[in-house]
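K.L.:
Need a 3D model of the sequence below.
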Amino acid sequence: MRTLSGTLVTELGLTRTRPGYMVELGFSSTLRLSTLGALSYNGYSWYPADIKVAGLSRNEQGQQAGTLSIGNADLDYGALILSEGVADKTIRIWSVWAGAPSEAMPEFDGIGDDAEINGLRVTIKLSSGARRYAYSPRRIIGPQTGINVRLPAGTRITVGGMTVTLEAKSR
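P.N.:
Residues are numbered from 1 along each chain as shown. Okay, the predicted model is just below:
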């Protein structure tokens with residue numbers, strides 16, 4: 001059971017409160033965003049963003065899922081996702097109250113699974129970090145990625161200290 005601080009008790013007792021979210025995205029330069037405008041939490045600056053969090057859930061195995069939607073009016077977030085991708089990027093989400101940002105509560109700690117850039121929003125599918133190993137490889141080389149040439153059976157490929165010999169796929 002969690003003990004509430006005096007600051008949070010005061011905030012929750014107000015007639016009008018402002019709940020929100022803080023989102024940390026693990027790109028090459030960590031991005032920290034907040035629905036409550038600019039604020040400071042845990043020694044970091046969090047910047048205002050148009051964020052919508054939906055469908056956060058946890059199943060009986062503890063795996064998390066949900067979606068994160070970010071406003072993309074200036075197209076910066078879409079460009080970032082196109083250049084770096086979102087698969088396996090660390091994503092953490094906290095719920096927070098405007099009057100008590102030091103009392104943020106973790107809501108999601110996982111990874112990005114997939115992203116869709118649709119008009120002025122970027123929507124990221126969220127999943128548990130444990131799922132990152134469920135589907136390997138994360139990227140498949142084939143006609144859908146522009147690779148249409150297959151090496152013939154028997155071709156030897158050396159990577160590091162390992163040699164792989166390609167075999168024909170029987171149908």
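
K.L.:
ok, and the closest non-adjacent residue to residue 127?
P.N.:
Distances taken as Cβ to Cβ, 6 or more residues apart in numbering put residue 113 closest to residue 127, at 4.3 Å, once the chain neighbours are dropped. Glycine gets a C-beta too; all of them are placed from N, C-alpha and C.

K.L.:
what's near enough to touch that neighbour?
P.N.:
Taking Cβ atoms under 8 Å, 6 or more residues apart in numbering, we find residue 113 in contact with 86, 87, 124, 125, 126, 127, 131.

K.L.:
Out of those, which one has the lowest pLDDT?
P.N.:
Across those, the smallest pLDDT goes to residue 131, namely 51.

K.L.:
buried set for the helix or strand hosting the residue nearest to residue 127?
P.N.:
Residue 113 belongs to strand 100-118 when assigned by DSSP states H and E. By 16 or more other Cβ atoms under 10 Å, the buried positions in strand 100-118 come out as 100, 101, 103, 104, 107, 108, 110, 111, 112, 113, 115.

K.L.:
Which secondary structure state is assigned to residue 158?
P.N.:
Following DSSP: H, G, I helix; E, B strand; the rest coil, we place residue 158 in the strand state.

K.L.:
what's the spacing between it and residue 152?
P.N.:
Look at residue 158 and residue 152: by Cβ to Cβ, to the nearest Å, they are 17 Å apart.

K.L.:
Next up, the contacts around the residue nearest to residue 93 when sequence neighbours are not counted.
P.N.:
The shortest distance from residue 93 to any non-neighbouring residue, by Cβ to Cβ, 6+ apart, is to residue 108 (4.0 Å). By Cβ under 8 Å, 6+ apart, the residues touching residue 108 are 53, 56, 64, 66, 91, 92, 93, 126.

K.L.:
how does it look with 6 Å?
P.N.:
For residue 108, the contact set (Cβ atoms under 6 Å, 6 or more residues apart in numbering) comprises 56, 64, 93.

K.L.:
The last one is in what secondary structure piece?
P.N.:
Mapping residue 93 onto the secondary structure by DSSP H and E places it in strand 90-97.

K.L.:
Partner strands of that strand, with direction?
P.N.:
Here strand 90-97 is paired, per DSSP bridges, with strand 19-25 (antiparallel), strand 100-118 (antiparallel).

K.L.:
Quick check: buried residues in it?
P.N.:
Of all the residues in strand 90-97, those buried under the rule 16+ other Cβ under 10 Å are 91, 92, 93, 94, 95, 96, 97.
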